[in-house]
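[1] sequence and computational prediction follow.
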Amino acid sequence: MQSLRFPGYSFRIKSAGQRKHIFDNIRKRYVVLTPEEWVRQHLVSYLVEDRKYPASLISVEMPLKYNRMERRADLVLFSKQGNPLLIAECKAPTIKITQEALDQAVRYNIVLKVCYLIITNGIEHYCARFDKKSESWEFLDQIPGYDEITLSDG
């Protein structure tokens, strides 16, 4: 798999037939190792190991309904009180991060109403925070730690 702009992590990978599978520590099972999954597993490891997000408060491929259509948010982080705080959208490294990807996360946010969005293809990472005073999104220089994110949990 392609090198990504994340620290190096160890993953459990196995082959099954013609496909490789990676162990997802959140879902507690092996999943097909696609380029997007490679990015998702790196982001989860980064959030848990480097930014100190509790793994127990992360949902992977969380189902949600938007305009009567079933969708899945790649990652949703919750507060200890069960409030959604952050949505992350992962793309394969070959997929360019565009306005369309940001719009997808914003549509999910109509349902979840979080204050933080992350969009990454493993090479480029964007994190935005909703400023309640100005009622607008502002891009951040880095992905904040869990303690910083929970300050926004009203």
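    Alright, I've got the coordinates.

[2] next one: the lowest-mean-pLDDT helix or strand in the chain to chain centre, how far?
    Least confident element among the helices and strands of the chain, by mean pLDDT, DSSP states H and E: helix 99-112 (a mean of 81). Put simply, helix 99-112 sits 12 Å off its chain's centre (Cα atoms, centre = their mean, to the nearest Å).

[3] tell me what the residue nearest the centre of the chain is bridged to.
    Centroid-nearest residue in the chain: residue 88, 2.8 Å away (criterion: Cα atoms, centre = their mean). Per DSSP bridges, the residues bridged to residue 88 are residue 75, residue 118.

[4] quick one: contacts for it?
    Taking Cβ atoms under 8 Å, 6 or more residues apart in numbering as the criterion, residue 88 is in contact with 43, 47, 73-77, 105, 117-120. The C-beta positions use only the backbone N, C-alpha and C, and glycine is treated the same way.

[5] and the least confident helix or strand of the chain, what does it pack against?
    Contacts defined by 3 or more Cβ pairs under 8 Å, 6 or more residues apart in numbering; DSSP states H and E place helix 99-112 against strand 58-66, strand 69-78, strand 84-90, strand 116-120.

[6] just the element for residue 42, please.
    Element membership for residue 42, per DSSP states H and E: helix 35-45.

[7] what is the mean pLDDT for that helix?
    Across helix 35-45, the average pLDDT comes to 97.

[8] tell me the angle of the least confident helix or strand of the chain relative to strand 84-90?
    Between helix 99-112 and strand 84-90, the angle comes out at 150 degrees (axes from the mean of the first three to the mean of the last three Cα atoms, to 10 degrees).

[9] touching helix 99-112 from outside, list them.
    Applying Cβ under 8 Å, 6+ apart, the contact partners of helix 99-112 are 64-66, 71, 73, 76, 84, 87-89, 91, 95, 117, 119, 126, 128.

[10] pull out the buried positions in that helix.
    For helix 99-112, the neighbour count (16 or more other Cβ atoms under 10 Å) marks 101-102, 104-106, 108-109, 112 as buried.

[11] follow-up on the earlier one: now, which of the contacts of helix 99-112 sits nearest residue 39?
    Nearest to residue 39 among these is residue 91, at 6.8 Å by Cβ to Cβ.

[12] low-confidence ranges in this structure?
    Within the chain, the stretches with pLDDT under 70 are 152-154.
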